[in-house]
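A.B. asks: what's the 3D shape of this:
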Amino acid sequence: MVGAAPQFDPAQAPDDPVELFIRWLLHAVDSGVAEPHAMTVSTVAGSRPSARVLILKDVDAAGWHFAVSSVSRKGAELARNPAVALTFYWPALGRQIRVEGIAQADPPQVTADDFLARSEGARTMALTGRQSEPYCAPAEIGEALARARLELERSPALVPADWVSYAVRADTVEFWQVDRDRRHQRLRYERAEAGWSPTLLWP
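C.D. replies: Numbering: from 1, shown residues only. Down below sits the predicted model:
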């Protein structure tokens, strides 16, 4: 159930959608939204869409950052087609943000920093290199984790070669604010040669 919707005046929106995104994200954090950095990452698998929830790791001038294993299903899809759509939805605030663009691999140091900042459990699981693969018995996972844990103990700064951090360079970013009378506010930014071009969209 949506409570009192936050105030949003598109006429006062900044010129850059990254700035507005950060404002909305910080408001979601301050409002106690659970995991406001969770986002649906939609890619293309052949002729069909493929969606999965991932965590936004950072947002800056380069774009919206997330990381995956290149040998995972999502990693393979990105390698074939880097077109990406990100969706953030905060129902408690009646807000949604859609980001569409191209995922570009971050520099190696950014990828390394991302991996090393993750929990030991997350790094251990990633080092198994088996994400999205089928398995027959739970013991397989336990054995793979034991080997990966030993590998991590021997090399604490190890970053697997298949780990990739991406930045989504947006072509369009849309902000959606709920209205109880269905007069929802929608503001879309489109990338232009000289910056961004904002447009109001019909609800």
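
A.B. asks: so what's A83 bridging to?
C.D. replies: With DSSP bridges as the criterion, A83 is bridged to I102.

A.B. asks: Check the burial of it by counting its neighbours.
C.D. replies: 16 (other CB atoms under 10 Å). To be clear about C-beta, it is placed using only N, CA and C from the backbone, and glycine gets the same treatment.

A.B. asks: That one contacts V41, correct?
C.D. replies: No: applying CB atoms under 8 Å as the test, A83 and V41 come out as separate, 11.4 Å apart.

A.B. asks: Common neighbours of the two, please.
C.D. replies: Taking CB atoms under 8 Å, 6 or more residues apart in numbering as the contact criterion, A83 and V41 have no common neighbours.

A.B. asks: Could I get the pLDDT score of V2?
C.D. replies: Note for V2: predicted pLDDT of 46.

A.B. asks: Identify the nearest residue to the most centrally placed residue in the chain in space, disregarding sequence-adjacent positions?
C.D. replies: If you average the C-alpha coordinates of the chain and look for the closest C-alpha using CA atoms, centre = their mean, you land on L56, 4.0 Å from that point. Nearest non-adjacent residue to L56, counting by CB to CB, 6 or more residues apart in numbering: H37, 4.3 Å away.

A.B. asks: For that neighbour, which residues are in contact?
C.D. replies: Contacts of H37 were listed using CB under 8 Å, 6+ apart, and they are 25, 55-57.

A.B. asks: can you do 10 Å?
C.D. replies: 25, 28-29, 54-59, 66, 88 (CB atoms under 10 Å, 6 or more residues apart in numbering).

A.B. asks: how far away is it from E133?
C.D. replies: When CB to CB, to the nearest Å is applied, the distance between H37 and E133 equals 27 Å.

A.B. asks: Okay, strands next: where are they in this structure?
C.D. replies: Defined through DSSP state E, the strands belonging to the chain, from first to last, are 38-45, 48-55, 58-60, 63-69, 83-90, 95-105, 163-177, 185-192, 195-201.

A.B. asks: Just put those strands in CSV and tack on distance to A76 and mean pLDDT.
C.D. replies: Rendered in CSV, the data for the strands of the chain read as follows (distance: least, CB to CB, whole Å; pLDDT from 0 to 100):
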stretch, distance to A76, mean pLDDT
strand 38-45, 9, 97
strand 48-55, 10, 96
strand 58-60, 23, 97
strand 63-69, 10, 97
strand 83-90, 14, 98
strand 95-105, 13, 98
strand 163-177, 11, 97
strand 185-192, 27, 96
strand 195-201, 32, 95
